[in-house]
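> Build me a structure from this.
(one chain, ligands or ions: 2)
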Amino acid sequence: MSHYVALIADKLSTAATAVLTEDSSVEVRHVDGTDRPALLAALADAHAVLVRSATRIDAEALAAAPRLEVVARAGVGLDNVDVPAATDAGVLVVNAPSSNVVSAAEHAVALLLALARNVPQAHGALKQGRWARSLYTGVELSGKTLGVLGLGRIGSLVARRMAAFDMRVVAHDPYATEEHARALGVRLVGLDELLDEAQFLTVHLPLTDHTRGLLGFDAFQRVRSDLRIVNAARGGIIDEQELYAALKEGRVAGAALDVYATEPCTDSALFELDNVVVTPHLGASTPEAQERAGTQAARSVLDALAGRPVPDAVNTPANTPANVLASAR
Ligand SMILES: NC(=O)C1=CN([C@@H]2O[C@H](COP(=O)(O)OP(=O)(O)OC[C@H]3O[C@@H](n4cnc5c(N)ncnc54)[C@H](O)[C@@H]3O)[C@@H](O)[C@H]2O)C=CC1
Ligand SMILES: O=C(O)CCC(=O)C(=O)O
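Ligands and ions are numbered 1, 2, ... in the order given. Next comes the predicted model:
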């Protein structure tokens, strides 16, 4: 009888382990994927590895994993997995694309509201005994223009929620259809128009070679000075030094960030600015999202190991699950 090792390299919901152990041929092992030597050693025996965003599965990790058949990302973003290298190695990559999108969208909305009304700053001041009412005057959302950068799953959920606040929502996404945008009450615009018009801007792009640094010097030169930016997607999409300069010089009014170019991030010049609200990559951190992400990733692992079709496989179409697994065995 086959024996498979499924390596859990980031903290996943216990429901993920419960799903994996439904199959008696699967042995679950754990490693701290941010401990690189430990990860590389543990990968030597692994047939499957399950990660969130902290563990990097790159060419080096893949080379250390001769038995690996599947990398499962318990979440959306795949910027920590080298998908082309996995494909070349005959390893299937899957994610859990719908698992945490509601949590991520709700967190973006929370950041937007916190930013508009200075909630974290006023909370901190009052807890220190300062009744700072005039210092923390906010702005209304109603009637303001929200720019949504990336009208995919999360961007669409945020657009729909913010339309209920009577915001005028515009979006930039070259791959979104007019029909989809119309159904959300959103107007599709070019990137320049979005940057020119937005009073709030929320980023919902994947981090790729095309989106890295998309919001940098040029973008911050053309935006309105009352712009407030929310980024709960990926840190590298915004150039943090350029954002800092724009905030410091009053070319941008505020920013709320959940994600950073390098994580964990505990020491950033941005943290010193009073018009910046920050959270430590909490977008998907709810029990609801984690249970869905963990169980969906675990089910995909079982399907892959059993040679069944894997609906959430993300490798290129030429590498169908069957081909990938056949070449991996
Ligand atoms: N903070 C957190 O905990 C979380 C962060 N995320 C991040 O959010 C990102 C987005 O997630 P989803 O909405 O589920 O992905 P998605 O794939 O459904 O949507 C992304 C959208 O961006 C668009 N896009 C791609 N390149 C673009 C460009 N250059 N300009 C404009 N639009 C472009 C695509 O057409 C797509 O519609 C993920 O890739 C991930 O990095 C996701 C979940 C949780
Ligand atoms: O697992 C996490 O908490 C990270 C979620 C995330 O960023 C994603 O799914 O892309």
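> show me the contacts for the residue nearest the centre of the chain.
Geometric centre of the chain, nearest residue: residue 233, 4.4 Å, by CA atoms, centre = their mean. By CB atoms under 8 Å, 6 or more residues apart in numbering, the contact list for residue 233 reads 77, 150, 154, 203-207, 259. Just so you know, the C-beta spots here come from the backbone N, C-alpha and C atoms, and that holds for glycine as well.
> possible to save the residues you listed as a markdown table with distance to residue 312 and pLDDT?
Shown next, in a markdown table, are the contacts of residue 233 (distance: CB to CB, whole Å; pLDDT from 0 to 100):
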| residue | distance to residue 312 | pLDDT |
| --- | --- | --- |
| 77 | 14 | 97 |
| 150 | 20 | 98 |
| 154 | 16 | 98 |
| 203 | 24 | 99 |
| 204 | 19 | 98 |
| 205 | 20 | 98 |
| 206 | 15 | 97 |
| 207 | 19 | 97 |
| 259 | 22 | 98 |
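> Those residues in helices, which ones?
residue 154 (DSSP state H).
> so which of the contacts of residue 233 are also by ligand 2?
Restricting the contacts of residue 233 to those touching ligand 2 (CB under 6 Å from any ligand atom) yields residue 77.
> now the contacts of residue 233 in CSV, with neighbour count?
What follows is the contacts of residue 233, written out as CSV (neighbours: other CB atoms under 10 Å):
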residue, neighbour count
77, 20
150, 23
154, 27
203, 25
204, 28
205, 23
206, 15
207, 19
259, 24
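> Closest one to ligand 2 out of the contacts of residue 233, please.
Checking the contacts of residue 233 against ligand 2 by CB to the nearest ligand atom gives residue 77 as the nearest, at 3.0 Å.
> Wait, the closest one touches residue 204, no?
No. Between residue 77 and residue 204 there is no contact under CB atoms under 8 Å: 11.0 Å.
> So which bits of this protein are right by ligand 1?
75-77, 100-101, 104, 149-155, 172-176, 204-207, 210-211, 232-234, 258-259, 281, 283-284.
> same thing but 5 Å
By the rule CB under 5 Å from any ligand atom, the part of the chain lying against ligand 1 is 76-77, 101, 104, 150, 152-154, 173, 175, 204-206, 211, 232-234, 258, 283-284.
> Narrow those residues to those in strands?
Per DSSP state E, strands hold no members of the residues of the chain next to ligand 1.
> Next one: the residue nearest to the centre of the chain relative to residue 311, how far apart?
24 Å (CB to CB, to the nearest Å).
> per-residue pLDDT, the residue nearest to the centre of the chain?
We have a pLDDT of 98 for residue 233.
> if I pick residue 27, what's in contact with it?
So residue 27 contacts 3-6 (CB under 8 Å, 6+ apart).
> how about the residue in the stretch 1-150 of the chain that ligand 2 sits nearest to, what does it touch?
Residue nearest to ligand 2 within the stretch 1-150 of the chain: residue 75 (2.5 Å; CB to the nearest ligand atom). With contact taken as CB under 8 Å, 6+ apart, residue 75 is in contact with 52-53, 95-96, 99-100, 284, 293.
> circling back: and the contacts of residue 27, which is closest to ligand 1?
Distances from ligand 1 to the contacts of residue 27, taken by CB to the nearest ligand atom, are shortest for residue 6, at 22.7 Å.
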